[in-house]
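>>> need the 3D shape of this:
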Amino acid sequence: MADYTTDPPVASAGSLMLLSDKMTDMCQKIDKLGDIPQKLDRLDMTITQLSKDHQQTRADLLQTQTNFQSELEKIQRDVGELKTSKTRIDTLGEWFKWGGIALVSGIVGSWYTLSNDVRDTQSKTANNDQRIMIIEKQGDQTSRILDEIRNKLYERNYMSDTK
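Coordinates of the predicted model:
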């Protein structure tokens, strides 16, 4: 430690030069420190802009999420409606399928019944034709017999009148 109670030692040229260099360095560093508030202002503006961009991005993401949720809900409703429509179409398809089968069965059954009825009617018609022919023959025989009887009666009456 130096004792400064007395006059300081005389400075040499080298030490003054060194002191001058150090002061120049300090002035340059102080000048650089003068630029720091401007740099801090620029950094603050950049951080503020980044913060605004971040908030805008967050708002955009929230809006996108809301839009996706509403679209998803709409799609779910549409899918529900499609499922309901498909169920209705399937039900109608089943009705038409089984109704068609029942209708075809009814038509086939009716056709079979009608065919049997036609066959029965044809056989009855043939049977009736035979009966009609028999009755006509019997009617012809009866007419001949009646003619013979009438002729005989006529002859008898004629003979008895002539006698």
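>>> could you use CA atoms for every contact and neighbour count after this?
Noted.
>>> for the helix or strand that contains residue 44, give the mean pLDDT please.
Assigned by DSSP states H and E, residue 44 belongs to helix 13-162. Averaged over helix 13-162, pLDDT sits at 90.
>>> which other helices and strands contact it?
For helix 13-162, there is no helix or strand it packs on, judged by 3 or more Cα pairs under 8 Å, 6 or more residues apart in numbering; DSSP states H and E.
>>> and for residue 99, the neighbour number?
Neighbour count for residue 99, taken as other Cα atoms under 10 Å: 13.
>>> residues contacting it?
Shown in contact with residue 99 (Cα atoms under 8 Å, 6 or more residues apart in numbering): no residues.
>>> how much space between it and residue 107?
Separation of residue 99 from residue 107 (Cα to Cα, to the nearest Å): 12 Å.
>>> ok, residue 119 next?
Taken as Cα to Cα, the span from residue 119 to residue 107 is 18 Å.
>>> ditto for residue 37
To residue 107, residue 37 is 101 Å away according to Cα to Cα.
>>> and what of residue 51?
Distance, residue 51 to residue 107, by Cα to Cα: 81 Å.
>>> over to residue 20?
Distance of residue 20 to residue 107, given as Cα to Cα: 124 Å.
>>> residue 115 too?
12 Å.
>>> kindly report the same for residue 58.
For residue 58, the distance to residue 107 - Cα to Cα - is 71 Å.
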